[in-house]
Structures are given as C-alpha cells and as structure tokens.
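Asks: Generate coordinates for the sequence data below:
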Amino acid sequence: MRIDKIFILSSFLLLTACSSHTNDYQDLQKAISTQNSSEYKAYDSKMSYCRGLRVREVNQVDDSYFNSLTDAQKSKVLGILLFKASERCYAYEEAQYFKFVIRTNDADGMKILKLASFAPQQTEASKAIIDSLDSKEVERLSTTEQFSTPFDIIYLLDKLGL
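Replies: Residues are numbered from 1 along each chain as shown. The predicted structure is shown next:
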C-alpha cells in the first residue's frame, strides 16, 4: 500500500511539473526513450535509487521551529524537504547528464532538460504559505540527519496527523 502511495505521489509531482503544457508529458516520454548515453543511464539509475529511498520512515520531528508551524506550513515544509533531499541525492549524476546534453546539443536531452527545469505551478495560497516560512530554518532542517536523504512523506504526514 505504501509503495502505491509513493508511486501516486511521484506521478503527481511529475504531472504537476508538466501540467502547463498538454503534450509535454508525451514529449518527455519520447525523449527519455531515445536516451542511450552512459551519462543518462547513470542519471536514470541514480534517480531510481533515490526514489527507492523514499520508503525510509521518519517517525517524528523533534525540532522547535518545525513544531511551531501550522499544519499547512508543516505539510509544505515536508514537501520542500523531500524535494531538496531527492535533488541532493542525484545532483551529481544530473549535472553530468546535463553537461553531456549541452556539449552534444542532443535535441531529446534538451527536451528533458527543459521540462526538468520547469517549476511546478502553485496556487496563491501555496505561495503565501511558502512566503511565511523562514528559508534559513527550512535549509537547516534539510541538512539534518532526518531529512538529508529522501524519506516516506506519506508515512510521516500520517504519523503527524497532517
């Protein structure tokens, strides 16, 4: 059941990133299917590994800043922490792949680079929550042992009653 939730959440995040363009998801799938370089294979392998880490359970958060937040802020912070941990996990391989794409001017790789660079669209309410957060505190939390690697956000949200 937990794997299904993770897959659904991951799929939702990808679709959200591609939602502003109707054919982008199909273009992305086509572009990915043509990638054969060792750089892409390393990037894809590392992303799969990092997604696999999302089964790591965090049972509680003992942090005064985090505990002072509203439920909506806590949920948003956890999403940001998961995003940062995931990006940190595959950052080196992503950079190597994107360098390869830029050096070779690979058209399909450029599509992947372009789509991966889109920021997800956010509602005004979501932007307001993000703006209310202390970015230094969120960054500090992202470097703690609990949140420096990907984790099971659904499990933690359930544990915290969010």
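
Asks: Please report the number of neighbouring residues for residue 93.
Replies: For residue 93, the tally of surrounding residues (other Cβ atoms under 10 Å) stands at 20. Glycine gets a C-beta too; all of them are placed from N, C-alpha and C.

Asks: again, but for residue 100
Replies: A count of neighbours around residue 100, defined by other Cβ under 10 Å, yields 18.

Asks: I'd like to know how far it sits from residue 114.
Replies: 15 Å (Cβ to Cβ, to the nearest Å).

Asks: Buried residues, stretch 46-54. List them.
Replies: 46, 47, 50, 51, 54 (16 or more other Cβ atoms under 10 Å).

Asks: Which residue comes closest to residue 86 once chain neighbours are left out?
Replies: residue 150 (5.1 Å; Cβ to Cβ, 6 or more residues apart in numbering).

Asks: what kind of secondary structure is that neighbour in?
Replies: coil (DSSP: H, G, I helix; E, B strand; the rest coil).

Asks: correct me, but it touches residue 84?
Replies: No. Here residue 150 lies out of contact with residue 84, judged by Cβ atoms under 8 Å, at a distance of 9.7 Å.
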